[in-house]
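# Sequence first, then the predicted structure:
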Amino acid sequence: MSKDRNIPVERRSFLQATGATVTAAGLAGCRGSNETSKFQIGALAPMDSSTGRSIKNAANLAAMELNENGGINGKDVEIVAKDTKGDSATGKTAYQDLVLDNQVNLTVGVYVSEVLMAILDDLADTETVHLTTGAATPRVSTKVGDEYDKFKYHFRTGPLNAIQLGQNLADFSLAKFADMGWNNVYMLLEDYEWTKAIEKVVGQTLQQSDFNLVGKERFPADTNNYGTLYNKVEERDADAAFVAMAHTGGTAISSWARDRRPFGFGGVHVPSQLPAFYEKSKKTAAYTVTQNVATPQSELTKHTQPFIEAYKDNFNGLPVYTGYITYDAVKQYAQTVSNMDGDPSNSDKVVEALEESSYKGTIGTIEYHGKGHEHAHDVIYSKDKVNPVIQQWQPNEDGGGTQEVIYPPEYATSEYKPPRWI
């Protein structure tokens, strides 16, 4: 939105509700029309977690590299990070601080789906472009599709939304389960919003295939004793527990491994995506399988390994999935506004440019579904665009573990290995 646009009624209500005293020109500055010498990007993340720190670090790395090459439209890029604490109310306040007080030009990040839903109305009211780089709820893309003019400022650079993630896991199951010996599958899903679509898509795929879905159960987030759940998996003679775990899951793996449960363990397990998880799990993560956007061994594009090396050099560690996505989001936005025909301070024009953009990043070629699609403004999942990997933690010769890619075949670094006790 340009400076000379009037503040509509809903945004006046927003300002009154937040107690903010901002002029129309000041609010317009949230979308790049402020007169500072910096191009400010707000990063929203739970800073006490690896996923949150990767959002912040990757955004800063992208900014550093952009500044070495002239910044964005001649302005140095500055990252302003705010801690959401993974809490909806805290995240809402952090978002308002960024767009109203700091007057950032763009926001990126958000890991927890409930936080994303909490800021969505504010995002629409301020007409500030936001690139999600962590939350998977499909509800936000539904809102973009249903009320496009209001919510069009939201894009999801990644991860795949939960429906797409379910399709990715379903594609993996059809391609690899037979070779892995996972013919009878029991689904275990933590009781969070993001797992519902996975339950539906993967469950339907298995039921319509030659594989057997022998049971499924949703379990509460505060579960600490997985023995009862695993007993049910064993009683159904399952070959594998197919899981969807993010906020829970560390104890789930250690319990499975130490009890030598006679079934495989895999699906999407966010703690296992972290490069440091093998050691943190005291090696109990060995032989577990999870979806991931990339691994330290991955060469998805020519940009993957250079990003990993630069991240290691600057932050003395490896990125997790939110890092790859955030880095790509900032770089794609910079490329888009630098090349667009319209005014880069006009958020409506930026939205149009992002809709037409194509950017080859660390995780693939990033393009977005259009406004008429069921996944409006979400990253496109396909073999030749963004196609996440399936990894398995495998013990290596040094006594540690390696995140080996077992699917898709074009990125594979190893074959699946069953747990040594099976």
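Great, that's in hand. Please read these numbers as outputs of a predicted model, since none were measured by experiment.
# After the lowest-mean-pLDDT helix or strand in the chain, which helix or strand is next?
Between all helices and strands in the chain, the lowest mean by mean pLDDT, DSSP states H and E belongs to helix 24-28, at a mean of 37. The helix or strand immediately downstream of helix 24-28 is strand 38-45, counting by DSSP states H and E.
# for that next one, packing partners?
Using 3 or more C-beta pairs under 8 Å, 6 or more residues apart in numbering; DSSP states H and E, the elements in contact with strand 38-45 are helix 50-67, strand 76-83, helix 88-96, strand 106-109, helix 321-339. Every residue, glycine included, has its C-beta placed from N, CA and C.
# quick one: the last one to strand 38-45, angle?
Relative orientation of helix 321-339 and strand 38-45, computed by axes from the mean of the first three to the mean of the last three C-alpha atoms, to 10 degrees: 150 degrees.
# Following the chain onward from helix 321-339, which element is next?
helix 347-356.
# Tell me the gap between the very next helix or strand once past that following helix and the middle of its chain.
Once the chain leaves helix 347-356, the next helix or strand it forms, by DSSP H and E, is strand 359-360. Strand 359-360 sits 17 Å away from the centroid of its parent chain (C-alpha atoms, centre = their mean, to the nearest Å).
# what's the average pLDDT for strand 359-360?
Across strand 359-360, pLDDT averages out at 98.
# which secondary structure elements does that strand contact?
Against strand 359-360 (3+ C-beta pairs under 8 Å, 6+ apart) you get helix 321-339, strand 365-366.
# Sketch out the low-pLDDT regions of this structure for me.
Low-confidence segments of the chain, defined by pLDDT under 70: 1-35.
# Which strand residues bridge M245?
H269 (DSSP bridges).
# Leaving out chain neighbours, which residue sits closest to G227?
Excluding its sequence neighbours, the residue lying closest to G227 (C-beta to C-beta, 6 or more residues apart in numbering) is S255, at 6.7 Å.
# I'd say N292 and P271 touch.
No: assessed by C-beta atoms under 8 Å, N292 is found out of contact with P271, at 11.4 Å.
# hmm, back to that, give me whichever of the helices and strands packed on strand 38-45 is most buried.
strand 106-109 (a mean of 31; mean count of other C-beta atoms under 10 Å).
# what helices or strands is that one leaning on?
strand 38-45, helix 50-67, strand 130-132, helix 321-339.
# Partner strands of that strand and their direction?
strand 38-45 (parallel), strand 130-132 (parallel).
# need the ones you listed in JSON lines with distance to Y368 and mean neighbour count, can you?
Output for those, formatted as JSON lines (distance: least, C-beta to C-beta, whole Å; neighbours: other C-beta atoms under 10 Å):
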{"stretch": "strand 38-45", "distance to Y368": "19", "mean neighbour count": "26"}
{"stretch": "strand 130-132", "distance to Y368": "10", "mean neighbour count": "29"}
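# I'd guessed K371 sits against Y148; true?
Yes: taking C-beta under 8 Å as the definition, K371 is a contact partner of Y148 at 4.7 Å.
# Please report how far the residue nearest to V268 when sequence neighbours are not counted lies from D313.
Excluding its sequence neighbours, the residue lying closest to V268 (C-beta to C-beta, 6+ apart) is Q291, at 4.5 Å. Applying C-beta to C-beta, to the nearest Å, the value for Q291 to D313 is 27 Å.
# Those two - which one has more neighbours?
A direct count of neighbours by other C-beta atoms under 10 Å for Q291 and D313 places Q291 higher, at 25 against 9.
# Just read off the phi/psi values of the more buried one.
phi -70, psi 150 (degrees, to the nearest 10).
# Okay, it and P159: tell me how far apart.
In terms of C-beta to C-beta, Q291 sits 9 Å off from P159.
# Quickly list what's touching both of those two.
With contacts taken as C-beta atoms under 8 Å, 6 or more residues apart in numbering, Q291 and P159 have 165, 388 as neighbours in common.
# That'll do, ta.
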